[in-house]
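[1] return a 3D structure for these sequence lines:
(chains A and B)
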Amino acid sequence: MKKCRSLAISVISLLIICTVFFVNGGSKPGYAAMPNLPLANSLQTLHEDGRVFTIKNKKDKLVSKMSRIVSVGDKIITNKGEIFRVDKVKGESATAVFLGTDGSFKAWQENLSNPSVPVLNQVSKKKKNNKVGIYHTHSEESYIPSDGKRSIPGNGGVFKVGETLAASFKKQGVEVIHEKADHGPRDKNAYNRSRRTASALLRKNPAAIIDIHRDGIPDPDYYNKTIKGKEATQLRLVIGRQNPNKESNKDFARKVMAEVNQQYPELIKEIFIGKGNYNQDLSPTALLVEAGTYTNERERAEQAIRFLGDALPGVLGIGKAGAQKGSYGDPKTNTPGGWLALLTILAIIVIGGGAYLVITSGGFSAAREKISKYSSKEFSHIFTPRRRK
Amino acid sequence: MTELPIGLLVLIVVSLLIYFGLAQRVLDRLRLSDRSALIIIGALIVGSFITIPVSSGNYDVSINVGGGIIPLVLAGYLLVKARSYSAFYKAGFATIVTAGVIYGAGSYWGAGDTEPGGQIFGFLDAVWAYPLIAGVVAYITGRSRRAAFIAATLGVMLTDVGYLIWLVTGGQAIGTVAIGGGGAFDTIVLSGIVAVLLAEIIGEVRERAQKIQSHQGQEAALKGLKKPVSNVDEPAEKSSRDKEGSPE
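    Okay, here's the model as predicted:
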């Protein structure tokens, strides 16, 4: 076994030496990247822009379109509160069924439009976590009309959109942590790389973290919109459904859409709930925002995000807005999605753990016996009187 | 997150308790003592807040103590403590295969797909796909929980090293490599936990299936046994009792 140990130590040492070697190579000032090796070229497979997935309802009316693979079971909540569920996908065309009106979204809307509901009562003047984190998983995403390219590695146009959002938040008295870490290339491992950035932001205790993207459909008019007399793009909120926090993220997105659209009508086009996780398991107030598409002028996307930065502190109950009643700064605010997410997690644990117990015990009766033996052994002392010494 | 609606605070607290409870269970299955398990979990939590910068410049490289160093040390310890050469090599092989499959699935297969496409990640997000790949690969190669943990943690870590190599060999002029930067919630730790649980479930199901199979086989073999033929004439009373069937 001595040989085994020395081999393990040498493997780990080699790993560390390799890392340090490559790292030091990269840290030299004025370092020029090594010439492209076949390895680098062959492994560069990006998500491509330009492919459009169209979702229509049963009457052949357009529900949405996006440069994002659509799967059966994905859902859309439109800014009118209608819920659609994708039930058929053929190539790049999908059909969605209308499920009805989203009750929670309508309730948020009604609360905002009803002056008798005391939404403006302040709970406390100041909030401890008066911060918002901004980052960009697809750090190279850019806008052709303004940036000249659809993709700029390490310094995409979305960084400027993020800066605009940060400036808008600061105007509202909100502290901003804008992380411009590069997570390129735009491959399928990008969210794993940005998970580290999102976690680092969360360790600074922000009220929410926002991942800013842009879409990849070629039609700019699909997003172009004049809002309050200013040329802007519309925004899409994306929620990952492979995420145990999904219901709480959805709840938050609904409230954001209701409140932001009340101030800036139709700014948020829809909430798309699709496959993926998007690191939203890390926080119930994690948002993924798509600001226009790559063929829009970046300035329009910046205008849209400025509006968002103006309205979002009110939802979170931070900054000048303060922790108002009904905002996420008020501990009493009802968040049914949070409880639903909790129930989902507990159900997974109970069902998963139960199934495991039945398998390992060899049947239901054996499992029951195991539980009763365990509980009588572990908890027996709780109910018995303590012996006096 | 100190000021949030009660529902969300409860959600966060319960999620944390479940996550670290599962981590404790996993460490127990890796045959670590309760005290060692508690120390490791404590180190994971505290270490999550400590990041060691390795390099800044074109390539911003760092390693987090909770998400990178603790799992690396633990995996190294398990490797060193391998009971045989075969277990050691199998764990090493599973690590390399896991890293290869993860890197390939994320960066090579499904070229040109729109988000979230790909052969594996189009179906399941990377956060869940990584540990599943590691758990399955480790179980196929080593059929061991320890191998599953080693393959998952070191496999994901090797993927980061692969990414750094890709960057430096001309993939991109600048980049960030934050090994284990997610701390206790990094895919390195998450993969280790889920991979061991997966190996445990697969192992238990397989053992149970084998037990049932062998039990059925034993019953069939017992049924197939012929009564020994005796040339000696038995007393009439005993032969009639045999016909009725003996409880043995």
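[2] I'd guess residue A:85 is in a strand, am I close?
    Yes: counting by DSSP: H, G, I helix; E, B strand; the rest coil, residue A:85 is part of a strand.
[3] these two touch, right, it and residue A:70?
    No: between residue A:85 and residue A:70 there is no contact under C-beta atoms under 8 Å: 11.2 Å. From N, CA and C alone the C-beta is placed, and that goes for glycine too.
[4] which of those two has more neighbours?
    Legend: neighbour count by other C-beta atoms under 10 Å in any protein chain shown for residue A:85 and residue A:70, higher for residue A:70 (23 against 14).
[5] that one falls within a strand, correct?
    No: secondary structure of residue A:70 (three-state DSSP): coil, not part of a strand.
[6] tell me how far it lies from residue A:54.
    Separation of residue A:70 from residue A:54 (C-beta to C-beta, to the nearest Å) stands at 9 Å.
[7] shared neighbours of the two, which are they?
    Residues touching both residue A:70 and residue A:54 (C-beta atoms under 8 Å, 6 or more residues apart in numbering or on different chains): residue A:94.
[8] mind listing what's buried in the helix or strand where residue B:216 lies?
    Using DSSP states H and E, residue B:216 maps to helix B:187-224. For helix B:187-224, the neighbour count (16 or more other C-beta atoms under 10 Å in any protein chain shown) marks B:187-203, B:208 as buried.
[9] which helices and strands sit right next to it?
    If you count contacts as 3 or more C-beta pairs under 8 Å, 6 or more residues apart in numbering or on different chains; DSSP states H and E, helix B:187-224 packs onto helix A:336-361, helix B:6-29, helix B:70-80, helix B:126-142, helix B:145-166.
[10] kindly recompute the last result at 10 Å.
    If you count contacts as 3 or more C-beta pairs under 10 Å, 6 or more residues apart in numbering or on different chains; DSSP states H and E, helix B:187-224 packs onto helix A:190-202, helix A:336-361, helix B:6-29, helix B:70-80, helix B:85-107, helix B:126-142, helix B:145-166.
[11] can you list those in JSON lines and add mean pLDDT?
    JSON lines is the format used below for the helices and strands packed on helix B:187-224 (pLDDT from 0 to 100):
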{"stretch": "helix A:190-202", "mean pLDDT": "92"}
{"stretch": "helix A:336-361", "mean pLDDT": "83"}
{"stretch": "helix B:6-29", "mean pLDDT": "86"}
{"stretch": "helix B:70-80", "mean pLDDT": "91"}
{"stretch": "helix B:85-107", "mean pLDDT": "84"}
{"stretch": "helix B:126-142", "mean pLDDT": "79"}
{"stretch": "helix B:145-166", "mean pLDDT": "90"}
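[12] which of those is buried the deepest?
    helix B:145-166 (a mean of 27; mean count of other C-beta atoms under 10 Å in any protein chain shown).
[13] can you give the strand pairings for the following helix or strand past that helix, parallel or anti for each?
    Counting by DSSP H and E, the next helix or strand C-terminal to helix B:145-166 is strand B:175-179. In its sheet, strand B:175-179 lies beside strand B:59-64 (parallel), with partners assigned from DSSP bridges.
[14] so how far is the strand it pairs with off the chain centroid?
    On the basis of C-alpha atoms, centre = their mean, to the nearest Å, strand B:59-64 sits 25 Å off its chain's mean C-alpha point.
[15] repeat for stretch A:99-112
    The answer for stretch A:99-112 is 21 Å, by C-alpha atoms, centre = their mean.
[16] what does stretch A:77-91 give?
    Using C-alpha atoms, centre = their mean, the offset of stretch A:77-91 from its chain centre is 19 Å.
[17] for that stretch, buried residues please.
    Neighbour counts over stretch A:77-91 (16+ other C-beta under 10 Å) mark A:77, A:78, A:79, A:81, A:82, A:83, A:84, A:86, A:89 as buried.
[18] closest to chain B out of these?
    Chain B lies nearest to residue A:89 out of those, by C-beta to the nearest C-beta, at 12.2 Å.
[19] please identify every residue contacting each of residue A:85 and residue A:70.
    Counting by C-beta atoms under 10 Å, 6 or more residues apart in numbering or on different chains, the residues touching both residue A:85 and residue A:70 are A:76, A:96.
[20] residue A:130 is in contact with residue A:208, isn't it?
    No: using C-beta atoms under 10 Å, residue A:130 is not in contact with residue A:208, being 11.5 Å away.
[21] tell me what the nearest residue to residue A:236 once chain neighbours are set aside is bridged to.
    Sequence neighbours aside, residue A:290 is the residue nearest to residue A:236 in space, at 4.3 Å (criterion: C-beta to C-beta, 6 or more residues apart in numbering or on different chains). Note on residue A:290: beta-bridge partners by DSSP bridges are residue A:213, residue A:236.
[22] hey, C-alpha coordinates of stretch A:332-346 in PDB?
    The C-alpha atoms that make up stretch A:332-346 are tabulated as PDB, following Å, rounded to 0.1, in the frame of the first residue of the first chain:
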ATOM      1  CA  LYS A 332     -45.000  39.300   6.800                       C
ATOM      2  CA  THR A 333     -45.200  39.300   3.000                       C
ATOM      3  CA  ASN A 334     -47.000  36.200   1.800                       C
ATOM      4  CA  THR A 335     -44.900  34.000  -0.400                       C
ATOM      5  CA  PRO A 336     -46.900  30.900  -1.200                       C
ATOM      6  CA  GLY A 337     -44.100  29.800  -3.600                       C
ATOM      7  CA  GLY A 338     -41.600  29.600  -0.800                       C
ATOM      8  CA  TRP A 339     -43.900  27.200   1.200                       C
ATOM      9  CA  LEU A 340     -44.600  25.200  -2.000                       C
ATOM     10  CA  ALA A 341     -40.800  24.900  -2.700                       C
ATOM     11  CA  LEU A 342     -40.300  23.800   0.900                       C
ATOM     12  CA  LEU A 343     -43.100  21.100   0.500                       C
ATOM     13  CA  THR A 344     -41.500  20.000  -2.800                       C
ATOM     14  CA  ILE A 345     -38.100  19.500  -1.100                       C
ATOM     15  CA  LEU A 346     -39.600  17.700   1.900                       C
END
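[23] now stretch A:72-92, how far from the centre of its chain.
    18 Å.
[24] swap that for stretch A:203-220, sorry
    8 Å.
[25] quick one: mean pLDDT over that stretch.
    Mean pLDDT, computed over stretch A:203-220, is 94.
[26] buried ones in that stretch, by neighbour count?
    A:206-217, A:220.
[27] residue contacts, the one residue in chain B that gets nearest to chain A?
    Closest approach between chain B and chain A, counting by C-beta to the nearest C-beta: residue B:181, at 2.7 Å. Residues in contact with residue B:181 (C-beta under 10 Å, 6+ apart) are A:181, A:193-200, B:48, B:51, B:62-64, B:66-68, B:160, B:188.
[28] what sits closest to it if chain neighbours are left out?
    Nearest residue to residue B:181 in three dimensions, chain neighbours excluded: residue A:196, at 2.7 Å (C-beta to C-beta, 6+ apart).
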